[in-house]
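Participant: the amino acid sequence is not available; the structure is as follows:
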């Protein structure tokens, strides 16, 4: 018999492999196939096995439940359980703190250009920090939607440090035109991948804050990238005298 279960807590391919290996180790399990994108595990069983037995072999970070049959009212209830605003709360809080910090750095002698440069610098520093927290898990999540990360070996691993360097350049006012152009190119390509994933209605996690915070990719990465790209374009235009 074959049964499909919902597995929560998986954030990367390492999690997927761990769940498959743990479940396949059970004597009643013939084969397990985990779908990371849909948070599902399809298990071929030689005999019935309880949910508790399946849960017992999994690490605490994972939770397995029987997949519910499709029900319009149940689906609506689950979707409303956590609104977009609640899901994106960590992102908005971080944006708020970065904005306030950049304002406080210039409130006595206000200058829009300096404010935007410091905002971008703080943005990169803070967001790279969250990515560096899990250098093993971040690349797997990032590769799910970023084109260069998928095709260029090692790019996903060094991406957090690219952001870190860009942040330092902005804050120290070093090679600003170059940093702005890199921002437009790098974030522009990432935004293309995000847009493509959104149009395909893929339900994957956003890697913008690494894997430490669970954010939906529905709007989070698109919002942050768009703000940064617009700021970079404005700064480049102002520096060129347009």
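Facilitator: Nice, thanks for sending it over. Model, not experiment: these values are computed from the prediction.

Participant: strands along this structure, start to end?
Facilitator: 2-8, 29-35, 40-45, 63-66 (DSSP state E).

Participant: residues in contact with the shortest one?
Facilitator: What it means is strand 63-66. Counting contacts by Cβ atoms under 8 Å, 6 or more residues apart in numbering, the residues outside strand 63-66 that touch it are 3, 5, 6, 7, 8, 9, 41, 51, 54, 55, 58. (Each C-beta comes from the backbone N, C-alpha and C, glycine too.)

Participant: report the two of those residues separated the most.
Facilitator: Of all pairs drawn from these, the greatest distance, 19.1 Å, lies between 3 and 9 (Cβ to Cβ).

Participant: run through the neighbouring helices and strands of the helix ranked longest in the chain.
Facilitator: Longest helix in the chain, counting residues (DSSP state H): helix 176-199. Secondary-structure packing of helix 176-199 (3 or more Cβ pairs under 8 Å, 6 or more residues apart in numbering; DSSP states H and E): helix 147-151, helix 155-172, helix 220-239.

Participant: and residue 156, how many neighbours?
Facilitator: 21 (other Cβ atoms under 10 Å).

Participant: make that residue 36, sorry
Facilitator: Residue 36 has 21 nearby residues by other Cβ under 10 Å.

Participant: how near is the residue nearest to it when sequence neighbours are not counted to residue 239?
Facilitator: Closest residue to residue 36 in three dimensions, ignoring its sequence neighbours and counting by Cβ to Cβ, 6 or more residues apart in numbering: residue 16, at 4.6 Å. Per Cβ to Cβ, to the nearest Å, residue 16 is found 46 Å from residue 239.

Participant: can you tell me how far the nearest residue to residue 174 once chain neighbours are set aside is from residue 42?
Facilitator: Excluding the flanking residues, the one nearest residue 174 by Cβ to Cβ, 6+ apart is residue 168, at 7.7 Å. Shown here: residue 168 relative to residue 42, a distance of 46 Å by Cβ to Cβ.

Participant: which of the residues in stretch 32-51 are buried?
Facilitator: 32, 34, 36, 41, 43, 45, 49 (16 or more other Cβ atoms under 10 Å).

Participant: can you list contacts of stretch 183-202?
Facilitator: Stretch 183-202 is contacted by residues 37, 120, 144-148, 162, 166, 204, 217-218, 221-222, 225-226, 228-229, 232-233, 236 when judged by Cβ under 8 Å, 6+ apart.

Participant: also stretch 39-55?
Facilitator: Residues contacting stretch 39-55 (Cβ under 8 Å, 6+ apart): 1-8, 10, 19-20, 23, 26-35, 63-67.

Participant: ok, now which residue in this protein is the farthest from the centroid?
Facilitator: residue 47 (38.1 Å; Cα atoms, centre = their mean).

Participant: so which helix or strand of this structure has the lowest pLDDT on average?
Facilitator: The weakest-scoring helix or strand in the chain, judged by mean pLDDT, DSSP states H and E, is helix 72-81 (a mean of 44).

Participant: domains in the chain, as residue ranges please.
Facilitator: 2-79, 82-239 (automatic domain parsing).

Participant: least confident of these, on average?
Facilitator: Among those, domain 2-79 carries the lowest mean pLDDT, a mean of 82.

Participant: distance from the chain centre to it, please.
Facilitator: Relative to its chain's centre, domain 2-79 lies at 22 Å (Cα atoms, centre = their mean, to the nearest Å).

Participant: phi, psi for residue 174 please.
Facilitator: With angles defined as degrees, to the nearest 10, residue 174 sits at phi -110, psi 130.
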